[in-house]
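In: Next comes the sequence, and after it the predicted model I'd like to discuss.
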Amino acid sequence: MKKIWIIIISLVVVAAIGVAIGYIMFNKKPANLADKKPDIVIDAPSLVIDYSQNMGVADSTYLNKVIEVSGVVEQTSKTAEGAVTILLTGVQGSGVSCNIPLKEDVKLVEPKIGDSIVVRGQCTGFLMDVVLSNASFVEKKK
């Protein structure tokens with residue numbers, strides 16, 4: 001009987017630790033990539049060309065790396081929560097989609113269509129556009 005209580009208590013402790021770790025990971029805020037040194041600096045058309053020519057090679061070069069991309073704003077959209085997605089002009093009907101979370105104060109620096117900007121984010125692959133997640137504005141060129 002004593003062994004059963006020890007097993008039950010051990011399972012409860014392990015479950016509590018698992019729940020605590022899960023809670024911490026779920027509520028962890030994304031890293032601020034604006035202060036992180038980029039692994040690669042590239043312009044939007046070149047990034048799109050690399051992905052359209054050979055996705056496997058491009059994934060090995062860019063995927064999950066911090067990339068600083070310069071380009072011209074083609075389109076902007078805002079979610080109900082306040083996050084912003086900016087599409088930088090690429091080539092062949094594709095571009096670079098930069099997802100800027102709410103943490104960024106985009107009201108002060110939200111670019112207009114045609115503006116040249118530099119964005120830093122984590123490359124998460126290629127769908128119809130190259131996707132940069134957790135992006136931040138680096139600078140706004142004139």
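Out: Cool, got the structure.

In: Please enumerate the helices of the protein.
Out: Taking DSSP state H, the helices of the chain run over residues 2-26, 44-53, 55-62, 106-109.

In: got these as CSV, with mean neighbour count and distance to Gly71 columns?
Out: In this view, the C-beta of every residue, glycine as well, is placed from N, C-alpha and C. As requested, the helices of the chain are exported to CSV (neighbours: other C-beta atoms under 10 Å; distance: least, C-beta to C-beta, whole Å):
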stretch, mean neighbour count, distance to Gly71
helix 2-26, 9, 33
helix 44-53, 20, 3
helix 55-62, 14, 15
helix 106-109, 12, 16
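
In: hey, least reliable of the ones you listed by pLDDT?
Out: Mean pLDDT is lowest for helix 106-109 among the helices of the chain, at a mean of 50.

In: hang on, the earlier thing: who wins for proximity to Gln122 among the helices of the chain?
Out: Smallest distance to Gln122 across the helices of the chain (C-beta to C-beta): 9.6 Å, for helix 55-62.

In: Tell me how far that closest one lies from the chain's centre.
Out: In terms of C-alpha atoms, centre = their mean, to the nearest Å, the centre of helix 55-62 is set 17 Å apart from its chain centre.

In: now the angle from it to helix 44-53?
Out: Counting by axes from the mean of the first three to the mean of the last three C-alpha atoms, to 10 degrees, helix 55-62 lies at 140 degrees to helix 44-53.

In: packing partners for helix 55-62?
Out: Here helix 55-62 touches helix 44-53, strand 116-126, going by 3 or more C-beta pairs under 8 Å, 6 or more residues apart in numbering; DSSP states H and E.

In: Format these as a markdown table; extra columns: distance to Lys78.
Out: Below are the helices and strands packed on helix 55-62 laid out as a markdown table (distance: least, C-beta to C-beta, whole Å):
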| stretch | distance to Lys78 |
| --- | --- |
| helix 44-53 | 20 |
| strand 116-126 | 16 |
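
In: Quick one: closest of these to Lys3.
Out: Nearest to Lys3, of all the helices and strands packed on helix 55-62, is strand 116-126, at 48.8 Å by C-beta to C-beta.

In: buried residues in the closest one?
Out: Neighbour-count burial for strand 116-126, with 16 or more other C-beta atoms under 10 Å as criterion, is recorded at 117-124, 126.
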